[in-house]
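In: need a structure here:
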Amino acid sequence: MGRSARQLPDGCSFHITLRCNSRAFLIARGVRRDLLLGVLHQAKKKFGFRLHGICLMANHLHLLLQPPQGRDLPRIMQWIGWYSAMALNRITGRCGHFWEARYFSTPIDPSDTRRVLATLRYIHANPKAAGVRKGFHDPYSNYGHYGRLEGDGLSEWHPAFLQLAPTLEGCARRYGSYCRHYRPRAKPARQSHWGSRLLRRDGGGPRPAGSAMAWRRG
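Out: Prediction:
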């Protein structure tokens with residue numbers, strides 16, 4: 001079955017998820033995330049998109065991005081993926097694919113302010129939900145730009161955030177309160193895979209040299 005065509009309506013923001021190849025923890029180190037932020041800065045200047053939400057995790061990243069036109073999104077993401085992979089492979093001594101072949105994108109209509117805010121909160125909640133942080137503030141997300149009004153030179157407030165209160169301070173307070181009420185959804189139980197059943201039946205012991213199964217859990 002072929003891949004479904006992306007929905008690329010004009011005027012929308014897109015929630016982007018881009019994962020490291022095999023979901024490996026390839027961007028866990030700060031220097032690699034700093035490089036990624038630099039790539040995003042260059043991409044923003046090159047393509048003229050708006051960046052409303054950012055969160056860089058150890059094996060994936062989330063963005064809330066608004067391209068000049070919907071059809072510009074594939075070109076933007078292709079450049080970000082290509083340029084960052086080239087740079088990250090160079091500093092890590094790797095070769096081959098750095099990112100998964102396909103990124104996830106979900107368009108969000110600007111008039112749907114509840115969904116915009118829920119998406120921003122989900123992006124900013126990633127470090128806390130993963131147990132990396134106790135709160136929402138993280139050096140590799142732009143939560144501070146919203147909850148603390150800390151400029152980062154890269155992102156800009158989404159209009160939905162600016163509608164929360166008459167003043168910026170009020171918007172920040174209301175958004176911070178909204179985030180504190182966040183409760184992550186329970187992840188569905190992992191389905192038993194035939195390979196897992198085979199390992200259990202085999203006893204799960206060590207295999208002879210040269211016959212180890214080469215896979216990673218997703």
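In: which residues touch residue 159?
Out: Applying C-beta atoms under 8 Å, 6 or more residues apart in numbering, one finds that residue 159 lies in contact with residue 110. In short, each C-beta sits where N, CA and C put it, glycine included.
In: gap between it and residue 185?
Out: In this structure, residue 159 and residue 185 are separated by 26 Å, where distance is defined by C-beta to C-beta, to the nearest Å.
In: run through the strands of this protein in chain order.
Out: With strands called from DSSP state E, the chain shows them at 13-19, 50-56, 60-66, 104-108.
In: which residues of this protein fall in helices?
Out: According to DSSP state H, the chain carries its helices in the segments 30-47, 73-92, 113-129, 143-147, 159-162, 168-180, 194-202.
In: in this structure, which helix or strand is least confident?
Out: Averaged element by element with mean pLDDT, DSSP states H and E, the chain has its least confident helix or strand at helix 194-202 (a mean of 45).
In: roughly how far does the spatially closest residue to residue 100 that is not a sequence neighbour sit from residue 59?
Out: Leaving aside its sequence neighbours, residue 100 sits nearest to residue 19 (C-beta to C-beta, 6 or more residues apart in numbering; 4.7 Å). Counting by C-beta to C-beta, the separation of residue 19 from residue 59 is 6 Å.
In: just want to know which of the two has more residues nearby.
Out: residue 19 (18 against 14; other C-beta atoms under 10 Å).
In: in the sheet, who's paired with the more buried one?
Out: Each beta-bridge partner of residue 19 is listed here, defined by DSSP bridges: residue 60.
In: from the helices of the chain, which stretch is densest packed?
Out: A comparison of the helices of the chain by mean neighbour count, using mean count of other C-beta atoms under 10 Å, puts helix 143-147 on top with a mean of 23.
In: can you get me a residue count around residue 101?
Out: Taking other C-beta under 10 Å as the neighbour definition, residue 101 ends up with a count of 8.
In: let me redo that: residue 60
Out: Summarising burial for residue 60: neighbours were counted as other C-beta under 10 Å, giving 20.
In: how near is it to residue 167?
Out: In this structure, residue 60 and residue 167 are separated by 35 Å, where distance is defined by C-beta to C-beta.
In: ditto for residue 45
Out: Applying C-beta to C-beta, the value for residue 45 to residue 167 is 30 Å.
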